[in-house]
Structure formats: structure tokens, C-alpha cells
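Peer 1: predicted model and sequence below, questions to follow.
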Protein chains: 2
Amino acid sequence: FRKQNLSVEELLKDLLKGNKTALGKAITMIESNQIKHQQISQKIIEGALPYTKKSIRIGITGVPGVGKSTFIESFGTYLTKMGRKVAVLAVDPSSSLTRGSILGDKTRMEDLVKDKNAFIRPSPSGDSLGGVAKKTRESILLCEAAGFEVILIETVGVGQSETTVHSMTDFFLLLKLAGAGDELQGIKRGIIEMADAIVINKADGDNMKAAQHAKLEFKRALHLYPIKENNWKPKVSLCSALYDIGIAEIWELISEFETQTKENGHFEKKRIEQNKFWLYQTINDHLKSRFYQNKKIKPALEKQLKLIEENKTTAYAAAKYLLELD
Amino acid sequence: FRKQNLSVEELLKDLLKGNKTALGKAITMIESNQIKHQQISQKIIEGALPYTKKSIRIGITGVPGVGKSTFIESFGTYLTKMGRKVAVLAVDPSSSLTRGSILGDKTRMEDLVKDKNAFIRPSPSGDSLGGVAKKTRESILLCEAAGFEVILIETVGVGQSETTVHSMTDFFLLLKLAGAGDELQGIKRGIIEMADAIVINKADGDNMKAAQHAKLEFKRALHLYPIKENNWKPKVSLCSALYDIGIAEIWELISEFETQTKENGHFEKKRIEQNKFWLYQTINDHLKSRFYQNKKIKPALEKQLKLIEENKTTAYAAAKYLLELD
């Protein structure tokens, strides 16, 4: 960073002009766990905040094999062709272990990766989902400051990652396959409940009939859920990302959602709720990291955990002891 | 408390002897939000901790109308007749609003309430599930110190309350009715996944055939889930709490669970994991309450939330501002 002889001010200036290299470098600072880089990224974020522009943040989830990369390639290219600037981020807490299961292989998005109006960034690595979420949320702000108008945030069904992405997006899109038998998974983990649209991908050729059947099934399943506070009735749509079929309709549907929820005030309301949630999250994360990274606490915590394992203390007594050390 | 002229030491002594009045008073101290009472309860807990004895903690859940009170009356009475000392607690975060929807009306357990070997306590009120959970967990310890060997913790399906009860019990029992159509609910919220046994209540008279059918259905549903780490295969059982049918079999089943998981070490392992979880919970709760109850923070937080609502600041900037005040 220093080698390139670029000051924070210059980096910020370039970022605000929409320079993708500057944006990439700024996100690298956000993703770094080095104290020095964290200080730099804090300055960049503060500088960028007044310039974050209007955007729509779209969460995209689906099990592996559903065609998320192909869908984003097709959907993103459709948007850039309309003159929109599109940023693609990913939330994948497992990627630090598996070295990038989502978006790690950019070659899966051949066209979009070369598109001057698109910015693609794999999932940050992180010790925890909370860490990944923080980095992603800050990256969204920088993308918006750099003029990106549509932010696609991809996630794979790993534990709570969908809930996390839902908490930072305006619209939540669930990709499905016909007859994949993962309906129970979606219900079990409450993902269907969060979806603003269910899109059945690979609805082409021989698969068409099954896809249409699945559409009816999902429509029926959605009826089981109460009407959402924002009055939006989740839609079920078919597409074939590979053949660019049904992509325009999905954008239309999202635009309809945007218009409707902006009219009834729920778009703004949700953003405010998310910001409040994020305020508390940021504070709580900070309080915890301040405590657990305290040099006195670290070894003492290890010792107390050991005592718990040996049944020589209780959770209550151990907590009290540690809190008094702080 | 003071009026009764009873010192903490005397209260503790009586509690350790198994005196239910003393136990009740001690729990009242735990449930109080007054600083003075919290200091007293802390002393009592510390004094009681070395004397907490072996117990089995059983979580019981089910939708309203499934017959939880009748089940606990029948099951509890069965156990006290065998000479066991049984404590019944409840976790119901809604009870502070609705004035005790579970166990609030003790008359629903006519026999158990008069039973000298039973101790029944309605849900503590609390601002949050976290608050209720803390109070309940501390009450469990006092019940154990008072010699109660079977702790039944009842909850109703309100948001995350089942997960909370699951995190503080050894065995989790889900009560169901035949053909009640709430199967989806159980799957959706991950409750079936947590169950060590599903007990279909009201399996009597005309209902018998439907109950037997439901038993098969649930057995099939349980096959969808992977084998648990503790190697316990969740069981499905029928009972009629009203006519005391099938109650002995449920205790047998729980005893089998206890023997099996104590042999393979998972009973102890789970308790240790729960204790570690509780150590972190206690610390994190304390860090948060210390911060949010800070006199400088309270008004400043109000102001920052207002600024977020008016879009005059970001979550990030507001959090930074508040953390620097601390």
C-alpha cells in the first residue's frame, strides 16, 4: 500500500470518481486485520460516508449447484447493458477455510469480470460470520460511494449467512431448482420466509415442465406465511440464466418492489431499522473485542475454560472473576 | 425481605436444607431488578454453588393447547410418588406482558402444587428473553442446591424461547397433538431438530388411531435429520396425561437417555459446553449492560438513534461516537 505511494486522500478521491482500482484497494484495507490497515480503512469510510449514493442492495442465495454465478453473470450483464453500475460482493464465512467457494473463481463470470460497469469482489475471509458481515457492510458503503447503483450480495447456505445478508439488503432473492428436493431445507432454516422472490433457475428445455410445477408448489408454500409488514407479496419467477431467459422480468419485479415499498415508506423504514441494528451490532462487537483482546483477559479466560472442563468452577463464578479483571 | 429479619446466611442455610419457602424467597431476589436484591441474590448463588447436586434438567415445549400443564402435573406427580424431588420452572418472555401465560395459573396443577416434594415457579418477568434466561438459569442452580433432582423447564413456542431452554437442559421433550397441523411450525423453527423425544399427548379414546398415525409420521420425519453427535436416536411416544397413561414409559425413555449419554460421556460433555456458552453469555450480557446503563451513554444513544432516523448520521459514525464516550 505504502509502496504505491498513494495517500488516503488520493485513494478516496479516486474512489469517489468511481475508479475500480481505488475501490479494490480500499476494500483490501477493510478486509485486513492489521491495526494499521484498520486505521486507514476507518479514515476512508468516514471520508466516503457523505458521498454514498442511492442504491438498491439485493441479496442472492441458493444451494451450491443452483447456478448463482451464472445467474449473477446474466443478471449483472443485463443491468450494465442498461447503463447501470453493478457491484457484486459475497458473504461466505467458510471461504477463509475453503479458499473461496463463492466468487473465488472469477472465471465463472467471464463477461461481467471484464465489464467496465461491474465490480466483482470475492468474500472477505474472517474468523467469524460477524467479522465477514462487518467487512461486507463497510464494503457496500464504499461501493455506493464509488457510484455503484445495484449491489448484489451473494451468499451460500452456510448456517446463519442468509440471515446476515438479509439484514443488509433491501431485496432478498432465493434461487431454486425444480425438483431439487431442498424445499425442506428452505423451510427449516426460515429462508423461504425471508425471500422477496423465489426464482427457479434452469427453467429451459426438458426442465420446463418441472419448473412450472415447482413454481406452483412454491406459490402454494408462500401462502402459508403471513403477509409481510411492507405489504409485499413474495413472487415466484422462472428463469434460465444460461440462456438469458426471464432475466428482464426479475429486474422488473425488483423495480416493482422498489417502487411499491418506496411509496409506502417501507424501503426507507427497513434501511433505518437495519442501520439501528447495525449501530447496536457495531457497539456490541466492539465491546466484546475490546474485552476478549485484553491482554489480561486472554490467558485468564483460557484458564477458566479449563476449570469449567474439569468441573472445578461454574460459568457464573468464572464470568464474575474475568469481569473483575477487566 | 428485610422486614422478615432473615439474613442471607439464614436464608441460604434453610435453602440448602430443602426449605421451599427459603428457595422461593431466594428466587424472588434473583428475579428482582433492584440493585440491592441483585447483590443479595449474587451472594446466595455464590453460597449455593458448592452444594448444587446431581440433577436431570428436562425442557418441555409445545404449542398452547397441547396440554403442557396437565402433562407436567401427571409426570411430576409420577416422579414425586417415586420419591423424587421435582422443581418446575418456566421460560416465557411474553409473561411480563400477558401476566403469566404459562404456570401463571397454578391451579392448573392442583396436585403438584400441594405436593411436598414439588416446587413450582412461574416464569420470571423480564425485558428480554436474555433476562428471563439468566434468571431461570440461576434459579435452576438454587433448586439443585435445595436438593431438587428433576428440574422441568417449561416453555411455549415464542420466538427463540425453545432454543434458550434447549441450551440449559439435558433432555428436550416436544409435546404434540395428533393431526394438529402444526408440523410445519416445528420443522420451520428447528424445534423437531432439537427434540430428544416427541410425545404425542391426548392419545386416548377416539383420538387413539390418529395418535398412532401421527407417531408413524413423526418417526418418518425424524429420519430426515442426521444422527446426533451423542448417538441418541430421538424417540416418539404416546401418552394421555389426563388419564396418566404412558407416563412411566416417558420417564423410562429419559432414564435410558441419561444412562446412554452418561456412558458415552455426552451428558457431561453437553453440560460443559452449556457452561462454556453460559460463561460467554454472562460476560457479554454484562459488557452490554455496563455500556448501555452508563449514564453518559443513555441520552447520547437516544440522540444518535434519532439522527439515524432522520438520516443525519450512519450506524458506523454513531457507534464510533458512542464508543468514544464510554
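Peer 2: Everything's here; your move.
Peer 1: could you use CA atoms for every contact and neighbour count after this?
Peer 2: Will do.
Peer 1: under the pLDDT cut-off, which ranges of chain A? List them.
Peer 2: Residues of chain A that meet the criterion pLDDT under 70 lie in A:1-6, A:94-107, A:127, A:157-159, A:181-189.
Peer 1: dump the residue contacts of A:Val88.
Peer 2: Listed by Cα atoms under 8 Å, 6 or more residues apart in numbering or on different chains, the contact set of A:Val88 reads A:118-121, A:151-154.
Peer 1: residues of chain A that sit close to chain B?
Peer 2: A:46, A:49, A:187-190, A:272, A:275-276, A:278-280, A:282-284, A:287-288, A:305, A:308-309, A:311, A:314-320, A:323 (Cα under 8 Å from any Cα of the partner chain).
Peer 1: how far does the lengthiest helix in chain A sit from the chain's center?
Peer 2: Longest helix in chain A by number of residues (criterion: DSSP state H): helix A:266-292. For helix A:266-292, the separation from the chain centroid amounts to 15 Å (computed by Cα atoms, centre = their mean, to the nearest Å).
Peer 1: ok, stretch A:51-60 next?
Peer 2: Worked out by Cα atoms, centre = their mean, stretch A:51-60 lies 11 Å from the chain centre.
Peer 1: again with stretch A:59-66
Peer 2: The answer for stretch A:59-66 is 12 Å, by Cα atoms, centre = their mean.
Peer 1: and the contacts of it?
Peer 2: A:68, A:152-157, A:162, A:165-166, A:169-177, A:201.
Peer 1: show the buried residues in those residues.
Peer 2: Neighbour counting by 16 or more other Cα atoms under 10 Å in any protein chain shown classes A:68, A:152-157, A:162, A:165-166, A:169-177, A:201 among those as buried.
Peer 1: so how many other residues sit close to the closest residue to A:Asp14 other than its chain neighbours?
Peer 2: If the residues on either side of it in the chain are set aside, A:Asp14 comes closest to A:Ala22, at 5.9 Å by Cα to Cα, 6 or more residues apart in numbering or on different chains. Per other Cα atoms under 10 Å in any protein chain shown, the neighbour tally for A:Ala22 reads 20.
Peer 1: is it true that A:Ala22 touches A:Glu9?
Peer 2: No - the criterion here is Cα atoms under 8 Å, and A:Ala22 misses it with A:Glu9 at 11.0 Å.
Peer 1: tell me which of the buried ones among the contacts of stretch A:59-66 fall in strands.
Peer 2: A:152-155, A:171-177, A:201 (DSSP state E).
Peer 1: where along chain A do the strands fall?
Peer 2: Using DSSP E, strands in chain A cover A:56-61, A:86-91, A:118-120, A:150-155, A:171-177, A:197-201, A:235-238.
Peer 1: distance to A:Ile245 for those - can I get that in a markdown table?
Peer 2: Compiled in a markdown table, those are given as follows (distance: least, Cα to Cα, whole Å):
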| stretch | distance to A:Ile245 |
| --- | --- |
| strand A:56-61 | 18 |
| strand A:86-91 | 20 |
| strand A:118-120 | 21 |
| strand A:150-155 | 19 |
| strand A:171-177 | 15 |
| strand A:197-201 | 10 |
| strand A:235-238 | 8 |
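Peer 1: tell me which of those strands lies nearest to B:Ser41.
Peer 2: strand A:86-91 (43.7 Å; Cα to Cα).
Peer 1: please identify the buried residues of that closest one?
Peer 2: A:86-91.
Peer 1: please apply the same query to stretch A:229-244.
Peer 2: For stretch A:229-244, by 16+ other Cα under 10 Å, it's A:230, A:233-241, A:244.
Peer 1: endpoints of it, how far apart?
Peer 2: The first residue of stretch A:229-244 is 33 Å away from its last residue (Cα to Cα, to the nearest Å).
Peer 1: same check on stretch A:78-90?
Peer 2: Start-to-end span of stretch A:78-90 (Cα to Cα) is 19 Å.
Peer 1: and that stretch, how far from the chain's centre?
Peer 2: For stretch A:78-90, the distance to the chain centre is 16 Å (Cα atoms, centre = their mean).
Peer 1: do stretch A:112-129 as well
Peer 2: Counting by Cα atoms, centre = their mean, stretch A:112-129 comes out at 10 Å from the chain centroid.
Peer 1: with just CA atoms, put it into PDB.
Peer 2: Extracted in PDB, the C-alpha atoms of stretch A:112-129 (Å, rounded to 0.1, in the frame of the first residue of the first chain):
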ATOM      1  CA  LEU A 112     -19.100  -9.500 -16.000                       C
ATOM      2  CA  VAL A 113     -15.500  -9.600 -14.800                       C
ATOM      3  CA  LYS A 114     -14.400  -7.700 -18.000                       C
ATOM      4  CA  ASP A 115     -17.300  -5.300 -17.900                       C
ATOM      5  CA  LYS A 116     -16.200  -1.700 -17.100                       C
ATOM      6  CA  ASN A 117     -19.500  -1.000 -15.300                       C
ATOM      7  CA  ALA A 118     -19.200  -4.000 -13.000                       C
ATOM      8  CA  PHE A 119     -17.100  -4.600  -9.900                       C
ATOM      9  CA  ILE A 120     -16.700  -8.100  -8.500                       C
ATOM     10  CA  ARG A 121     -15.200  -8.900  -5.100                       C
ATOM     11  CA  PRO A 122     -15.000 -12.400  -3.500                       C
ATOM     12  CA  SER A 123     -16.000 -12.900   0.100                       C
ATOM     13  CA  PRO A 124     -13.600 -11.500   2.700                       C
ATOM     14  CA  SER A 125     -12.100 -14.000   4.900                       C
ATOM     15  CA  GLY A 126     -12.900 -13.700   8.600                       C
ATOM     16  CA  ASP A 127     -12.700 -15.600  11.800                       C
ATOM     17  CA  SER A 128     -16.500 -15.400  12.200                       C
ATOM     18  CA  LEU A 129     -19.700 -14.600  10.300                       C
END
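Peer 1: give me the buried positions along that stretch.
Peer 2: So stretch A:112-129, judged by 16+ other Cα under 10 Å, has buried residues A:112-113, A:115, A:117-126, A:129.
Peer 1: what distance separates the start and the end of stretch A:151-168?
Peer 2: OK, stretch A:151-168 end separation, Cα to Cα: 11 Å.
Peer 1: from the chain's centre, how far out does it sit?
Peer 2: That offset, for stretch A:151-168, works out to 5 Å (Cα atoms, centre = their mean).
Peer 1: contact partners of it?
Peer 2: A:55-64, A:68, A:86-94, A:102, A:129, A:133, A:137, A:140, A:143, A:169, A:172, A:191, A:194, A:274.
Peer 1: 7 Å instead, please
Peer 2: Stretch A:151-168 is contacted from outside by A:56-64, A:86-92, A:129, A:133, A:137, A:172, A:274, using Cα atoms under 7 Å, 6 or more residues apart in numbering or on different chains.
Peer 1: hang on, A:Ala118 packs against A:Leu112?
Peer 2: Yes - shown here, A:Ala118 and A:Leu112 form a contact pair, counting by Cα atoms under 7 Å, at 6.2 Å.
Peer 1: from the buried residues of stretch A:112-129, pick the one nearest B:His37.
Peer 2: Closest approach to B:His37 among the buried residues of stretch A:112-129 (Cα to Cα): A:Leu129, at 38.0 Å.
Peer 1: now do stretch A:196-215: distance from first to last residue.
Peer 2: 14 Å.
Peer 1: distance from it to the middle of the chain?
Peer 2: Its chain's C-alpha centre and that of stretch A:196-215 lie 25 Å apart, by Cα atoms, centre = their mean.
Peer 1: contacts for it, please.
Peer 2: A:66, A:171-179, A:234-241.
Peer 1: equivalent analysis for stretch A:304-319, please.
Peer 2: With contact meaning Cα under 7 Å, 6+ apart, stretch A:304-319 is reached by B:272, B:275-276, B:278-279, B:282-283.
Peer 1: how long is that stretch from one end to the other?
Peer 2: For stretch A:304-319, the end-to-end distance is 8 Å (Cα to Cα).
Peer 1: buried ones in that stretch, by neighbour count?
Peer 2: A:304-305, A:308-309, A:313-319.
Peer 1: stretch A:62-69 now?
Peer 2: For stretch A:62-69, the buried set under the neighbour-count rule, 16+ other Cα under 10 Å, comprises A:62-63, A:66-69.
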